[in-house]
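Student: Need coordinates for the following:
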Amino acid sequence: MDVYLCGNPLLPEDALPLRLLPRLRRAFPALRFRELDPTEDVPEGVPLLVVDTVQGIAAVTVFRDLDAFLQERRVSLHDADLGFTLRLMQKAGRLGPVTIVGVPQGAPDGEAFAQLRASLAALSGQDRPTSP
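Tutor: All right, here's what the predicted structure looks like:
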């Protein structure tokens with residue numbers, strides 16, 4: 001299973017998913033974690049599991065519906081790019097099922113990792129990820 005991570009390593013407030021990447025790879029060796037540039041390489045017509053930093057949430061939140069994510073006015077730091085790209089793909093009939101796992105902006109790394117680990121374990125069917 002592929003898990004796509006968005007983030008900008010040059011912006012600390014946007015880099016949390018990327019900072020967690022080494023720990024996620026150790027915890028989930030069976031998953032393929034890939035960095036995603038939402039302006040270039042969003043896969044078409046396949047189920048997408050995307051992890052991104054989100055403003056305005058207090059805990060890691062799973063959004064299973066793009067419309068719910070966008071209508072709730074949850075703002076990703078990539079909102080102009082990721083949200084726009086996904087919406088265009090949806091309108092063009094090129095977007096498969098999408099699940100967005102939002103990581104709260106400003107969350108401590110350890111807390112965000114624990115919550116993200118639990119969410120990814122549930123989403124991937126891996127109830128027992130390995131220790132980081």
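
Student: Worst mean pLDDT across the helices and strands of this structure, which element?
Tutor: Lowest on mean pLDDT, DSSP states H and E among the helices and strands of the chain sits strand 75-76, with a mean of 50.

Student: Report all helices and strands that the next helix or strand after that one contacts.
Tutor: Using DSSP states H and E, the helix or strand that follows strand 75-76 in sequence is helix 84-91. Here helix 84-91 touches helix 66-71, going by 3 or more C-beta pairs under 8 Å, 6 or more residues apart in numbering; DSSP states H and E. All C-beta atoms are positioned from the backbone trio N, CA, C, and that covers glycine.

Student: quick one: the residue in the chain sticking out farthest from the centre and L70, what's the gap?
Tutor: Ranked by distance from the centre of the chain (C-alpha atoms, centre = their mean), the top residue is A92, with 22.1 Å. For A92, the distance to L70 (C-beta to C-beta, to the nearest Å) stands at 16 Å.

Student: what's near enough to touch the residue most central in space within the chain?
Tutor: For the chain, the residue nearest the mean C-alpha position is V51 (0.9 Å; C-alpha atoms, centre = their mean). The contact partners of V51, by C-beta atoms under 8 Å, 6 or more residues apart in numbering, come to V3, Y4, L5, C6, P17, I100, V101, V103, L116.

Student: so it bridges to which residues?
Tutor: L5, V101 (DSSP bridges).

Student: So it versus A118, what's the distance?
Tutor: 13 Å.

Student: Show residues contacting the longest helix along the chain.
Tutor: Identified as the longest helix of the chain according to DSSP state H is helix 109-124. The contact list for helix 109-124 (C-beta under 8 Å, 6+ apart) reads 1, 3, 16-17, 19-20, 23-24, 27-28, 30-31, 49, 51, 59-60, 62, 99, 101, 103-104, 107, 126-129, 132.

Student: Local confidence estimate at D81?
Tutor: Note on D81: pLDDT of 67.

Student: same thing with Q105?
Tutor: 89.

Student: quick one: it and Q55 touch, right?
Tutor: Yes: the criterion here is C-beta atoms under 8 Å, and Q105 meets it with Q55 at 4.8 Å.
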